[in-house]
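Student: Make a model of this:
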Amino acid sequence: MDFINGITLLLIYELVGEACTLLLRLPIPGPVLGMMFLFLTLMWRRQIPSSLNLASETLLGHLSLLFVPAGVGVMIHFERILQESMAISLTLLLSTIITMTVTATIMEVTQRLLS
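Tutor: Next comes the predicted model:
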């Protein structure tokens, strides 16, 4: 019963995050907002309920199973991935360069502001 209570708690926080995102039209994914709410609640309580601990450990123990659908999707669409490999590679390369540049710029600006 503890596991079901823990999963229910996780899903409630996800639902609250999703509802807030939809109602307030926030540019944040609902599950991320729900996870932030859960984090703040746990910080405020200064303890993790045993049911939440059990559910989290069980989910983390089976985390590899969550990657199976993605792997099946890659195998099913392998032919299309081969056809679009140049576009995929270029997109990955450019997005990596842009992300690294923006991150480095933000880090430099932050260091200048803090020093």
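
Student: and Leu52, how many neighbours does it have?
Tutor: 21 (other C-beta atoms under 10 Å). Quick note: C-beta positions are derived from backbone N, CA and C, even for glycine.

Student: quick one, what contacts it?
Tutor: The contact partners of Leu52, taken as C-beta atoms under 8 Å, 6 or more residues apart in numbering, are 6, 9-10.

Student: try Ser56
Tutor: With contact taken as C-beta under 8 Å, 6+ apart, Ser56 is in contact with 6, 10.

Student: in this structure, which helix has the most residues?
Tutor: In the chain, with assignment by DSSP state H, the single longest helix is helix 85-114.

Student: list the contacts for Gly34?
Tutor: Contacts for Gly34 (C-beta under 8 Å, 6+ apart) come out as 13-18.

Student: From those, which land in helices?
Tutor: Using DSSP H, the contacts of Gly34 in helices are 13-18.

Student: Work out which residue lies at the spatial centre of this structure.
Tutor: Among the residues of the chain, the one closest to the centroid is Val32, at 6.1 Å (C-alpha atoms, centre = their mean).

Student: Quick check: buried residues in the helix or strand containing it?
Tutor: Under DSSP states H and E, the secondary-structure element containing Val32 is helix 30-45. Residues 30, 33-34, 37-38 are the ones in helix 30-45 that count as buried (16 or more other C-beta atoms under 10 Å).

Student: Quick check: of these, which lies closest to Leu92?
Tutor: Nearest to Leu92 among the buried residues of helix 30-45 is Gly30, at 26.6 Å by C-beta to C-beta.

Student: who touches that closest one in this structure?
Tutor: By C-beta under 8 Å, 6+ apart, Gly30 lies in contact with 14, 17-22.
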